[in-house]
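Enquirer: sequence? don't have it. structure:
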């Protein structure tokens with residue numbers, strides 16, 4: 001893995017990078033800064049605009065001018081223009097009765113269902129979070145609760161394995177996943193992250209290996225499917241938060257980082273761009289049923 005660029009976006013808590021090959025841009029969020037960012041990879045031109053609330057994660061939709069966002073108020077559809085967010089429309093608010101919770105990490109499965117977990121926004125150590133699945137027809141399910149800080153959401157290239165992490169207990173979890181129904185099997189521990197690091201966001205490459213950003217340890221770890229460590233790379237920020245493959249060949253690795261809690265590294269809050277040496281897997285957009293570009297769901 002070779003460092004190509006450091007983009008000084010100055011995020012307080014950068015998160016949820018996602019590549020949209022249709023427009024040649026990377027999107028990401030700054031949770032605490034309450035803003036959405038975009039980077040044109042060819043020109044390196046970047047911009048941010050206010051979200052007006054905390055976004056915990058974002059996902060592509062079948063309409064390139066709309067993103068899906070898991071926020072402090074629920075799961076929302078975000079209408080975009082070149083320089084602004086023009087619309088926010090609620091799709092689900094399963095925890096409207098829990099004022100202290102917000103959504104955090106989320107991602108679509110290979111069929112386009114959106115998965116996202118919630119957490120105590122004050123980060124007081126309470127396990128008030130739950131995991132939710134938003135289906136293309138708008139239905140929402142809650143397969144499990146008792147979550148501390150949900151992170152590490154990603155799926156194997158064939159969509160039959162689901163990975164999650166809980167930063168509160170420093171564990172990365174794995175479960176068999178039924179692509180037809182969107183139902184995961186029992187979870188089992190893939191890896192336990194030793195201190196000072198805790199597992200944050202994850203992604204997978206075409207070989208099926210899981211790449212995890214380790215908050216507090218300033219490194220990225222690549223795990224084999226059996227949980228053994230294949231490689232470890234130091235990065236120039238103590239708190240890397242999440243990563244995503246992108247670029248025309250999906251062989252660039254984008255890493256978001258945080259300034260919060262990082263008083264010693266020079267590039268906390270920057271967006272890091274690496275030559276990964278291996279390609280990733282394109283994320284599946286959430287299919288909007290009223291969009292002409294909506295993809296078919298599982299049969």
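Expert: Thanks, I have it. Here the structure is a predicted model, which means the values were calculated and not measured.
Enquirer: Check the gap between residue 167 and residue 239 for me.
Expert: Separation of residue 167 from residue 239 (Cβ to Cβ, to the nearest Å) stands at 11 Å. C-beta: built from backbone N, CA, C; applies to glycine.
Enquirer: and for these two, which residues touch both?
Expert: residue 215 (Cβ atoms under 8 Å, 6 or more residues apart in numbering).
Enquirer: Quick one: residues contacting residue 206.
Expert: 157, 278-281.
Enquirer: which SSE is residue 112 in?
Expert: Using DSSP states H and E, residue 112 is not contained in any helix or strand.
Enquirer: before we move on, what about the one 5 residues further on?
Expert: For residue 117, the enclosing helix or strand under DSSP H and E is strand 114-120.
Enquirer: That strand - what's its average pLDDT?
Expert: Mean pLDDT, strand 114-120: 97.
Enquirer: so can I have CSV of the contacts of residue 206 showing distance to residue 175, pLDDT and neighbour count?
Expert: Output for the contacts of residue 206, formatted as CSV (distance: Cβ to Cβ, whole Å; pLDDT from 0 to 100; neighbours: other Cβ atoms under 10 Å):
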residue, distance to residue 175, pLDDT, neighbour count
157, 16, 98, 15
278, 24, 98, 16
279, 25, 98, 15
280, 21, 98, 25
281, 18, 98, 19
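Enquirer: In helices only, show me those.
Expert: With helices defined by DSSP state H, no entry of the contacts of residue 206 lies inside them.
Enquirer: in terms of contact, does residue 121 touch residue 104 like I think?
Expert: No. Using Cβ atoms under 8 Å, residue 121 is not in contact with residue 104, being 9.1 Å away.
Enquirer: Between these two, which is the more surrounded one?
Expert: residue 104 (26 against 18; other Cβ atoms under 10 Å).
Enquirer: Look up phi and psi at the residue nearest to that one when sequence neighbours are not counted.
Expert: Nearest-residue entry for residue 104: residue 56, 4.2 Å, with adjacent residues in sequence omitted and distances by Cβ to Cβ, 6 or more residues apart in numbering. With angles defined as degrees, to the nearest 10, residue 56 sits at phi -100, psi -30.
Enquirer: check contacts around residue 56.
Expert: Residue 56 touches 15-16, 29, 31, 69-72, 102-106, 116, counting by Cβ under 8 Å, 6+ apart.
Enquirer: give me that answer again for 6 Å
Expert: If you count contacts by Cβ atoms under 6 Å, 6 or more residues apart in numbering, residue 56 has them with 70, 102-104.
Enquirer: likewise residue 76?
Expert: Contacts of residue 76 by Cβ under 6 Å, 6+ apart are 69, 88, 90.
Enquirer: picking that back up, pull the most distant pair out of the contacts of residue 206.
Expert: Spatially, the most separated pair among the contacts of residue 206 is 157 and 278, at 11.9 Å (Cβ to Cβ).
Enquirer: Check the gap between the closest residue to residue 10 other than its chain neighbours and residue 93 for me.
Expert: Spatially, and ignoring its direct neighbours in sequence, residue 10 is nearest to residue 269 (5.0 Å; Cβ to Cβ, 6+ apart). Distance, residue 269 to residue 93, using Cβ to Cβ: 30 Å.
Enquirer: of those two, who's got more company?
Expert: residue 269 (22 against 13).
Enquirer: which SSE is the more buried one in?
Expert: Applying DSSP H and E, one finds residue 269 in no helix or strand.
Enquirer: What number of residues are in the vicinity of residue 285?
Expert: 25.
Enquirer: can you pull the contacts of it?
Expert: Going by Cβ under 6 Å, 6+ apart, the list of residues near residue 285 reads 60-62.
Enquirer: Can you name the element that comes right after the helix or strand harbouring residue 204?
Expert: Here residue 204, judged by DSSP H and E, is contained in strand 198-204. Counting by DSSP H and E, the next helix or strand C-terminal to strand 198-204 is strand 210-215.
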